[in-house]
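Novice: Below is the structure, and that's it, no one-letter string:
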């Protein structure tokens with residue numbers, strides 16, 4: 001029995017299983033067959049999405065960036081989207097609702113950008129802390145604000161993704177728990193609301209994966 005509603009997002013107590021993190025590895029069961037099976041319509045749709053994202057990331061990245069760097073963010077989008085979709089199925093742990101995974105995705109990339117900036121582009125990184133044309137009396141405050149906003153970037157990325165995934169799942173869980181205590185006419189309305197929420201959560205899964213990868217691409221382009 002769950003101690004509270006948020007226990008459903010705890011990988012150690014959810015359904016008394018310690019293998020919940022294995023859901024992040026299910027991608028290896030779905031993707032490899034696309035390399036030896038005849039491509040279906042879904043494969044063509046996925047290839048179209050990947051190509052579109054690749055072109056968009058190339059526009060955001062600088063021209064002198066390393067070749068193939070956009071593939072990192074395309075793979076990041078695919079990983080987050082897959083885990084977001086898996087969380088919509090019953091009895092599958094939503095890995096992206098946990099800060100352990102989201103911070104693991106955002107923090108190393110952000111650290112690599114910062115280390116690269118400090119080694120190869122240190123003066124330009126300092127120049128970004130003071131906006132051009134700002135009054136000199138405000139420069140100390142602007143430097144502090146820009147420094148803090150730069151430091152909290154990985155945490156804001158991680159919290160945004162996990163909070164959005166938790167919010168929709170909590171709402172669906174709360175509505176479904178009240179289904180056994182209401183009559184048939186209201187239950188039909190509840191089922192319709194649940195279907196609409198699932199459609200909304202599907203859209204949120206796509207949007208949050210896109211936002212995470214786009215923001216990480218923008219942080220990379222600043223370097």
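Specialist: Nice, thanks for sending it over. Given the structure is predicted, the values throughout are model-derived calculations rather than measurements.
Novice: show me what contacts residue 88?
Specialist: 198, 201, 202, 205 (CB atoms under 8 Å, 6 or more residues apart in numbering). Yep, even glycine has a C-beta here, placed from its N, CA and C like the rest.
Novice: Drop anything exposed from these.
Specialist: 201, 205 (16 or more other CB atoms under 10 Å).
Novice: Show me which of the contacts of residue 88 is closest to residue 20.
Specialist: For these, the minimum distance to residue 20 (CB to CB) is 18.1 Å, reached by residue 205.
Novice: Could you pull out the buried residues of the lengthiest helix in the chain?
Specialist: Using DSSP state H, we find that the single longest helix of the chain is helix 184-221. Within helix 184-221, the residues scored as buried using 16+ other CB under 10 Å are 197, 201, 204-206, 208-209, 211-217, 219-220.
Novice: In terms of secondary structure, what does that helix contact?
Specialist: In terms of contacts (3 or more CB pairs under 8 Å, 6 or more residues apart in numbering; DSSP states H and E), helix 184-221 is packed against helix 41-60, helix 69-86, helix 99-120, helix 153-177.
Novice: which stretch among these comes nearest residue 126?
Specialist: That would be helix 99-120 among these, by CB to CB, at 9.7 Å.
Novice: which helices and strands does that closest one pack with?
Specialist: Partner elements for helix 99-120 (3+ CB pairs under 8 Å, 6+ apart): helix 69-86, helix 122-127, helix 153-177, helix 184-221.
Novice: Need the contact partners of it.
Specialist: Contacts of helix 99-120 with the rest of the structure, by CB under 8 Å, 6+ apart, involve 11, 24, 72, 76, 79-80, 83, 95-96, 124-125, 150, 153-155, 157-159, 161-162, 212, 216, 219-220, 222-223.
Novice: Quick check: buried residues in it?
Specialist: 101, 102, 103, 105, 106, 109, 110, 113, 114, 117.
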